[in-house]
Each structure stands twice: as structure tokens, then as C-alpha cells.
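[1] Quick one, fold the following:
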Amino acid sequence: MNRTRLLKAGLGLAVAAAAVTATTAAGSPDVTKVRVEKALAPTFANLYVQQSHILGIPGITVAGIDASATCDRAGPKVADVGSGADWICKITFHDDHQKVQTGKFELQIKADSTYVAGGPSKLIGLATITDRSGKDVPNPVFAFDGALNPNG
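    As a prediction, this is how the structure comes out:
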């Protein structure tokens, strides 16, 4: 083999190795539709129970709320993977009167698989709510942080 062929062969191997390394390092996307939906619904349900406790509404449980989420990233032309401020999720749940409610939540998901979610105040209340003692306190469901399950 002449020197040019050896250099080309070496360069080709280096490019192939880099591609394999990049693919392996990237793995599957950390932020996926399924992971977002599985993380958001229970986080919302736990915070809704907390809100109910603050308001003095008895008997509200995570199981009774039966929250579920359906999420989409930036519409039908964008794959439902990756971090960004363009995730929209509909959360469906049973409120304190056992009535089914659905609200649209906007999510800002970071590359480290954490997120900030905010929902419709008409459905979940304003930024502050009045607790049982008459004191204004932050509404835990108004805007909240969460994280995707690191185990999938």
C-alpha cells in the first residue's frame, strides 16, 4: 500500500470510530414523550393533593385524582424528543368534586431531564392561594419543577 492509501484508510477508520463514539455517547434521547408523560402526571397529582391539604379539602388522594398526561413537542412536524421550551401537555384528572378536568400545561424541559411546568390558572388557581388559617401562600400547582425518572 502506498502512503496516500494508508492515510485515507486511517482517516476513514478515524471517522468511523468517531461516528460510533458519538452514537454511543448520545444513546437514546433522555427526553422522550413517554418519559415526560410518566413524570408529569404523578408530580401534578402529588402537588394537587398538597394544594387540597392547604385549602382544607379533605379526602383528596393521588389515587383518587387519577392523573394522566398526554404530551407533544412543538406540533406534528417536530419529533417528541429532546429538551426545549416547546412542550405542551394535557393533564386529565379528577378534581375535588370527582369531576374530570383537563388542562393544558406548558413545559420547559432542560437537557438534564428536569422541567418547569405551568398550567391554566382558571383550572388550578392563581400563584397564591389562601390556606385554612387565612394566610396567603404559594400555590404548589401554579408552576412547579419536576424531573424525569432517571431509570426510564
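[2] CA atoms for contacts and neighbours, from now on please.
    Will do.
[3] Next SSE downstream of the helix or strand of the chain with the lowest mean pLDDT?
    One helix or strand of the chain scores below all others by mean pLDDT, DSSP states H and E: helix 3-26, with a mean of 40. Next helix or strand after helix 3-26 toward the C-terminus (DSSP states H and E): helix 33-55.
[4] packing partners for that next one?
    With contacts taken as 3 or more Cα pairs under 8 Å, 6 or more residues apart in numbering; DSSP states H and E, helix 33-55 sits against helix 62-65, strand 68-73, strand 128-130, strand 143-147.
[5] Let me know whether residue 113 touches residue 33 as I believe.
    No. Using Cα atoms under 8 Å, residue 113 makes no contact with residue 33, being 12.0 Å away.
[6] can I see the domain layout of the protein?
    1-28, 33-147 (automatic domain parsing).
[7] Point out the most buried one among the ones you listed.
    domain 33-147 (a mean of 17; mean count of other Cα atoms under 10 Å).
[8] Now the terminal residues of that one, how far apart.
    Distance between the two ends of domain 33-147: 13 Å, counting by Cα to Cα, to the nearest Å.
[9] mean confidence score for it?
    Average pLDDT, domain 33-147: 96.
[10] Shouldn't residue 132 be within a strand?
    No. Residue state for residue 132 (DSSP: H, G, I helix; E, B strand; the rest coil) corresponds to coil; a strand is not indicated.
[11] Of all residues in this protein, which one is nearest the centre?
    residue 36 (3.9 Å; Cα atoms, centre = their mean).
[12] so who does it touch?
    Going by Cα atoms under 8 Å, 6 or more residues apart in numbering, residue 36 touches 71, 148.
[13] do you know how far it is from residue 131?
    Counting by Cα to Cα - residue 36 and residue 131 are separated by 30 Å.
[14] again, but for residue 65
    In terms of Cα to Cα, residue 65 sits 20 Å off from residue 131.
[15] Over to residue 111?
    Counting by Cα to Cα, the gap from residue 111 to residue 131 is 35 Å.
[16] cool, and residue 93?
    22 Å.
[17] How about residue 47?
    Residue 47 is 15 Å from residue 131, by Cα to Cα.
[18] Over to residue 100?
    For residue 100, the distance to residue 131 - Cα to Cα - is 24 Å.
[19] Repeat that for residue 83.
    Taking Cα to Cα, one finds residue 83 at 35 Å from residue 131.
[20] Lovely, talk soon.
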